[in-house]
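Return a 3D structure for these sequence lines:
(one chain, ligands or ions: 1)
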Amino acid sequence: MRIRVAHLYPEYLNIYADRGNIAVLARRAALRGHELEVEAIGVGTPLEPGEHDLVYVGGGQDREQALIAPDLAARADALTEAVAGGAALLAVCGGYQLLGRGYRGRDGSLLPGAGLFPHETVAGERRMIGDVLLECELVPGERRTLAGFENHAGRTRLDPGAEPLGRVLAGFGNDGESGLEGCRVGRALGTYLHGPLLPRNPWLADLLLAWALAHASGGDPPDLDPLDDSLETAAHGVAAARARARGGRR
Ligand code: GLN
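Just a heads-up that it's a prediction; the model follows:
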């Protein structure tokens with residue numbers, strides 16, 4: 001099948017080579033006989049809900065965020081409709097922040113968000129930097145760990161009752177206090193984890209692919225053929241050990 005991906009603002013939001021996540025999705029799709037068709041969505045490029053099976057937004061610093069925030073906020077309805085229609089979405093760090101209601105920077109300026117995720121972000125004084133390990137249960141009964149790297153000044157507070165992406169085993173997470181990391185709305189996931197995220201967490205890449213394939217076919221998420229993930233598993237192990245060495249919640 002063809003999986004249609006909307007990659008939002010690739011020229012602005014690509015800190016820590018976040019576009020590596022797209023490379024992982026493309027390769028893992030191809031190994032199962034599927035093709036990833038990636039469309040770059042820049043400022044002003046139309047985005048029709050339903051036309052993409054997966055939306056991807058990377059991370060960026062405050063300066064880059066300010067350049068795209070009004071355009072992203074104007075896409076609030078299109079993004080909400082896309083996710084309500086079953087499209088998958090992955091947003092990292094700066095993109096994750098701007099998919100909430102807004103981001104208040106160190107200088108006090110407020111960047112409006114698209115309001116897809118039920119959260120708000122305010123920049124704090126101390127940056128939260130280092131390896132992170134989470135425990136997630138995105139499919140009931142299937143507990144998995146997610147390893148990555150965080151570097152953010154923003155503290156993200158989820159609304160009461162909002163679903164996080166996972167619980168922090170080591171690292172700061174959303175705000176360094178709640179023990180929660182990221183946010184989930186349907187098949188939309190937001191996280192602070194860079195790395196890039198997917199090369200060392202292949203289970204998450206496959207979950208996103210299965211969700212995107214379900215959207216493309218109008219059916220249920222398929223079981224994807226297993227791949228030889230020995231390198232990915234080793235990378236996950238190294239990152240997880242580094243996070244654990246860093247210690248528990250900070
Ligand atoms: N500007 C944001 C922060 O520092 C996002 C940074 C990022 O994407 N790494 O909180």
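
For the rest of this, base every contact and every neighbour count on C-alpha atoms.
Will do.

Ramachandran angles for Arg104?
Summarising the backbone geometry of Arg104 under the convention degrees, to the nearest 10, its torsions are phi -100, psi 120.

So for it, what pLDDT did the model give?
Note for Arg104: predicted pLDDT of 97.

ditto for the one 3 residues further on
Model confidence at Asp107, expressed as pLDDT, equals 90.

give me the number of residues near it?
Other residues lying near Asp107 total 7 when counted by other C-alpha atoms under 10 Å.

tell me which parts of this structure are close to the ligand?
Proximity of the chain to the ligand is assessed by C-alpha under 6 Å from any ligand atom, with 59-62, 93-94, 123, 151-154 identified as the residues in range.

Keep only those of the residues you listed that are in helices.
Secondary structure defined by DSSP state H assigns 62, 94 of those to helices.

Max pairwise distance over the residues of the chain next to the ligand: which two?
Of all pairs drawn from these, the one with the largest separation by C-alpha to C-alpha is Gly59 and Ala123; the distance is 15.0 Å.

Which residue ranges of the chain form helices?
Listed in chain order, the helices of the chain (DSSP H) span 20-30, 62-73, 76-84, 94-98, 202-217, 230-246.

Please identify the most buried of those helices.
The highest mean neighbour count among the helices of the chain, using mean count of other C-alpha atoms under 10 Å, belongs to helix 94-98: a mean of 29.

hmm, who's touching that helix?
Residues lying outside helix 94-98 but in contact with it, judged by C-alpha atoms under 8 Å, 6 or more residues apart in numbering, are 13, 57-62, 65, 69, 72-73, 103, 111-115, 120-121, 154, 156, 190-192.

How about stretch 240-250?
130-133, 147, 168-172, 176-177, 179.

Those in strands, which ones?
Residues from these lying in strands, with DSSP state E as the criterion: 130-133, 147, 168-170.

how about those residues in CSV, adding neighbour count and pLDDT?
As requested, the ones in strands among the contacts of stretch 240-250 are arranged in CSV below (neighbours: other C-alpha atoms under 10 Å; pLDDT from 0 to 100):
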residue, neighbour count, pLDDT
Gly130, 17, 94
Asp131, 25, 95
Val132, 30, 96
Leu133, 29, 97
Ala147, 28, 97
Val168, 26, 97
Leu169, 24, 96
Ala170, 25, 96
